[in-house]
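S.K.: Sequence first, then the predicted structure, then my questions.
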Amino acid sequence: MPDPTRDAALDQLARAAYSLSAADSRLRGRATRTPGALSLTHARALRVLADTGPLPIGQLAAATETTGAATTQLVNGLAAAGYVTRERPVDDKRSVLVTLTDTGRRRHHERQTALAQALDTALAHYETTALDTATDVLRQLAAIYDQL
């Protein structure tokens, strides 16, 4: 049985998801034009490396949910900014190990602090249960996008 109210709410959610995607694109654009700016993909890579330590490109690609080729480009940009280094392990000359530098660790911390403050300020009026629901909805949207 159709529910016009639910249909309208789902339509608004889809529109908000498009807006989020557009904001990500604008952020990626700023990251390519502005020194020190980080796209969400850059920030995600720094966070993964801060959480896990050095990783081969393939594992970094899996952890950041990107392709190996895209991760190689990503690492090139992060290395040019001084946020990561690339080294070939002695025991595996085919692999490249990506390591967070001290500069990268500081930039990650700055970004995480700014994000936490922005989220806390913008979402201060939401209770924890609402934030948990929003988290679930975002994860479901990601799964839906992967199916499209």
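M.R.: Alright, I've got the coordinates.
S.K.: Got the phi and psi for residue 67?
M.R.: phi -80, psi 160 (degrees, to the nearest 10).
S.K.: For it, which non-adjacent residue is spatially closest?
M.R.: Closest residue in space to residue 67, ignoring its immediate chain neighbours: residue 61 at 6.2 Å, by C-beta to C-beta, 6 or more residues apart in numbering. Bear in mind the C-beta positions are built from the backbone N, C-alpha and C, glycine included.
S.K.: correct me, but the one you found touches residue 55?
M.R.: No: in this structure, residue 61 is not within contact of residue 55 by C-beta atoms under 8 Å, at 9.1 Å.
S.K.: Report the contact partners of the residue nearest to residue 67.
M.R.: 67, 68, 70, 71 (C-beta atoms under 8 Å, 6 or more residues apart in numbering).
S.K.: Tell me the spacing between the third one and residue 117.
M.R.: The reference is to residue 70. In this view, residue 70 and residue 117 are 29 Å apart by C-beta to C-beta, to the nearest Å.
S.K.: more crowded one of these two?
M.R.: residue 70 (13 against 10; other C-beta atoms under 10 Å).
S.K.: Do a quick rundown of the helices in this structure.
M.R.: Ranges of helices in the chain, per DSSP state H, are 4-33, 40-52, 57-64, 68-80, 102-122, 128-147.
S.K.: Compare those and say which comes out lowest on pLDDT.
M.R.: When the helices of the chain are ranked by mean pLDDT, helix 4-33 comes last with a mean of 89.
S.K.: Give me the distance from it to the chain's centre.
M.R.: Computed by C-alpha atoms, centre = their mean, to the nearest Å, the chain-centroid distance of helix 4-33 equals 15 Å.
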